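[1] How does the following fold in three dimensions:
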Amino acid sequence: MSGELKPCPFCGSAPSGPTEIGGNDERNGYNFTVQISCGSCGAIMASESHSNDLGWCTDNGQAEADARINWNRRSTQPSDIAEAPTDTKGFKRELLAFIRAQACGGSAFNSAAEHIAEQVERWLATQPADATGART
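    Numbering: from 1, shown residues only. Next comes the predicted model:
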């Protein structure tokens with residue numbers, strides 16, 4: 001199967017593969033995995049071979065095509081990555097409200113959420129004030 005692979009979406013390096021792993025064992029129906037990977041950061045995209053209802057491999061290149069499509073579907077554009085919030089004060093307050101909303105009483109999870117909310121409040125109190133005097 002031909003077709004150019006896009007650079008790694010995490011580090012931008014050229015990927016290696018596709019590499020076929022397995023497929024030589026009757027006990028698993030001669031099924032195999034096709035893997036595309038990045039030698040720089042270790043990112044991996046794998047696709048399993050196609051098989052029939054009895055579990056025997058019937059793959060005629062579909063697994064490699066699937067692995068290539070899935071690897072190339074992954075974003076390589078920095079503009080596709082969400083920007084960090086610029087309104088840190090609002091973000092911190094929303095985070096605190098979310099954590100508090102999780103703590104509705106009773107369970108260990110709720111106790112942990114309440115504890116985290118208290119820690120966030122303490123941390124917010126240590127942050128410098130902005131021009132209006134509000135804590136950021």
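
[2] Show me what the nearest residue to Thr19 once chain neighbours are set aside bridges to in the sheet.
    Nearest non-adjacent residue to Thr19, counting by C-beta to C-beta, 6 or more residues apart in numbering: Gln35, 5.1 Å away. C-betas here are computed from N, CA, C, even on glycine. Beta-bridge pairing for Gln35 (DSSP bridges): Thr19, Ala46.

[3] which stretches of this structure form helices?
    62-73, 88-102, 108-126 (DSSP state H).

[4] least reliable of those going by mean pLDDT?
    With a mean of 64, helix 88-102 has the lowest mean pLDDT of these.

[5] So the residue nearest to Thr58 when sequence neighbours are not counted versus Gly29, what's the distance?
    Nearest residue to Thr58, sequence neighbours excluded (C-beta to C-beta, 6+ apart): Asn52, at 5.0 Å. From Asn52 across to Gly29, the span is 8 Å (C-beta to C-beta, to the nearest Å).

[6] out of these two, which sits in the busier spot?
    Gly29 (16 against 9; other C-beta atoms under 10 Å).

[7] right, and that one touches Asp59 too?
    No: assessed by C-beta atoms under 8 Å, Gly29 is found out of contact with Asp59, at 10.4 Å.

[8] Quickly list what's touching both of the two.
    Ser51 (C-beta atoms under 8 Å, 6 or more residues apart in numbering).

[9] tally of neighbours for Glu48?
    When neighbours are counted by other C-beta under 10 Å, Glu48 registers 16.

[10] wait, what's in contact with it?
    Asn31, Phe32, Thr33, Ala63.
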